[in-house]
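>>> heads up, no residue letters with this:
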Ligand SMILES: N[C@@H]1[C@@H](O)[C@H](O)[C@@H](COP(=O)(O)O)O[C@@H]1O
C-alpha cells in the first residue's frame, strides 16, 4: 500500500468522525437564518462544492452554487447579501485566489465561512464561521481523503440547515444519517474491488497517452476530480466532460491513442451505443459502474449505495489508478512534480 492508498483506506473511518462531530461544528452557523450559499475553492476543493451543490439544494431548500474563485466578482452578489453564506474551501488552507474571493464576498456583506483541512488556516482570518473539515492527516499532494471529507462536511451542513429552517424533517435527516453509515460500510468493498481490478489491468491502463473521463451531469464534480487526479499523478493530458457535452464535439478528437473512461450510474441510456461508435477509432474504452461487472474493459463496484450517495464511491477506481499507474513509470504519485511550484507562482501562503 502506498501513501494515497493508505489515505483511501482510512477514509470511511474519518468520515464517521466527521459525522460524529458535525452537530457541534454547525451549531452556531445554522442559527444564522441562511438564505443562500455560495461555495468557492480551487482544484479538488472546487470539485467538492461542484459535486455537492445539487444535493445541498435538495437537503437545505435554499439556493446553493459552486463557483471558481476567478468567477467571483462584486456583481454576482445580491444587493442584500447579509443572509448569504459564502464558503471558502481550501484543504491546505492557504490558496490566495480563494482568500481574495472571500474578501470580495465579505465586502459585499456576506457571512463568511471557511472549510479548510487544518485548524488556524490562513483563510480562517476572514471567517465569521470556521467550519474546519476533520480530514486528519493527508500529506500526499494529490488529495483523495480530503475530497470525500469535504463533501461530507458540505452535505451535513446542508442537512442541518434544512432541519433548522423546516425544509428537512427530523425523520428524513435520521434516514440520511443511516444511509450515510451504510455507504461508509460499503466503501471498503468498492475500494478492494477497485484495487484488484486496477492491479489486474495496470499494464494496459498505464499505456494511456491521453485520457478523457466522461460521466453523467449528476457526477460532474466527480468527473472533473477524477480527471484532475489522473492528470496530476500520471502527468499526461486528461480532461473530464459531462456525457452530453462530450457528444457535442469532443468525440472528434478520439483516435487510436485515446483512452476514454466512462462513469455509468445507469442514468444515461446511450453508454452502450457510444462505446460501440467510438470503438471504430479506439479499443481503449472502459466503463465504470456499480454492477458486479469485472472484465478488462468493464468494472463495477458491486455495492448497494443510495443514488444520492454514490458520489462517496464513484471516484475510487480513478483515485486507485492515480495511485498505481505512475509507479509503473517510476513516478511517486503522492509527490507533486515541483514542490516549490506554488511558492514560485505566489499562489499559496503559509498558514500563520
Ligand atoms: N495540485 C493542487 C490541487 O490538488 C488542489 O486541489 C489545489 C487547491 O488546494 P487547496 O484545497 O489547498 O486550496 O491546489 C493545488 O494546485
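Good, I have the coordinates. What you see is a predicted model; the values in this text were computed from it and never measured. Numbers count the residues shown, from 1 in each chain.
>>> now residue 181: how far from the ligand?
27 Å (Cβ to the nearest ligand atom, to the nearest Å). All C-beta spots, glycine's among them, are computed from the backbone N, C-alpha and C.
>>> can you tell me which residues contact that residue?
Contacts for residue 181 were tallied using Cβ atoms under 8 Å, 6 or more residues apart in numbering; they are 16, 19.
>>> same thing but 10 Å
12, 15-16, 19 (Cβ atoms under 10 Å, 6 or more residues apart in numbering).
>>> let's have the residues you listed in CSV, adding neighbour count and secondary structure.
Output for the contacts of residue 181, formatted as CSV (neighbours: other Cβ atoms under 10 Å; DSSP: H, G, I helix; E, B strand; the rest coil):
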residue, neighbour count, secondary structure
12, 20, helix
15, 24, helix
16, 15, helix
19, 17, helix
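>>> can you tell me the SS state at the residue in the stretch 201-350 of the chain that the ligand sits nearest to?
Per Cβ to the nearest ligand atom, residue 232 is where the stretch 201-350 of the chain lies closest to the ligand, at 5.5 Å. The three-state label given to residue 232 by DSSP: H, G, I helix; E, B strand; the rest coil is helix.
>>> what is the neighbour count of the spatially closest residue to it that is not a sequence neighbour?
Of all residues not flanking residue 232 in the chain, residue 142 sits nearest, at 5.3 Å (Cβ to Cβ, 6 or more residues apart in numbering). Using other Cβ atoms under 10 Å, residue 142 has 25 other residues around it.
>>> can you check residue 344 too?
Neighbours of residue 344 (other Cβ under 10 Å): 8.
>>> do I have it right that it meets residue 338?
Yes. Contact criterion Cβ atoms under 10 Å: residue 344 and residue 338 qualify, at 7.7 Å.
>>> so which strand or helix has the most centrally placed residue in the chain?
The centroid of the chain falls nearest to residue 48 when counting by Cα atoms, centre = their mean (3.7 Å). Per DSSP states H and E: residue 48 is located in helix 43-60.
>>> can I assume residue 232 is in contact with residue 323?
No. Using Cβ under 10 Å, residue 232 is not in contact with residue 323, being 11.7 Å away.
>>> between the two, who's got more neighbours?
Just comparing residue 232 and residue 323: by other Cβ under 10 Å the higher neighbour count belongs to residue 323, 27 against 19.
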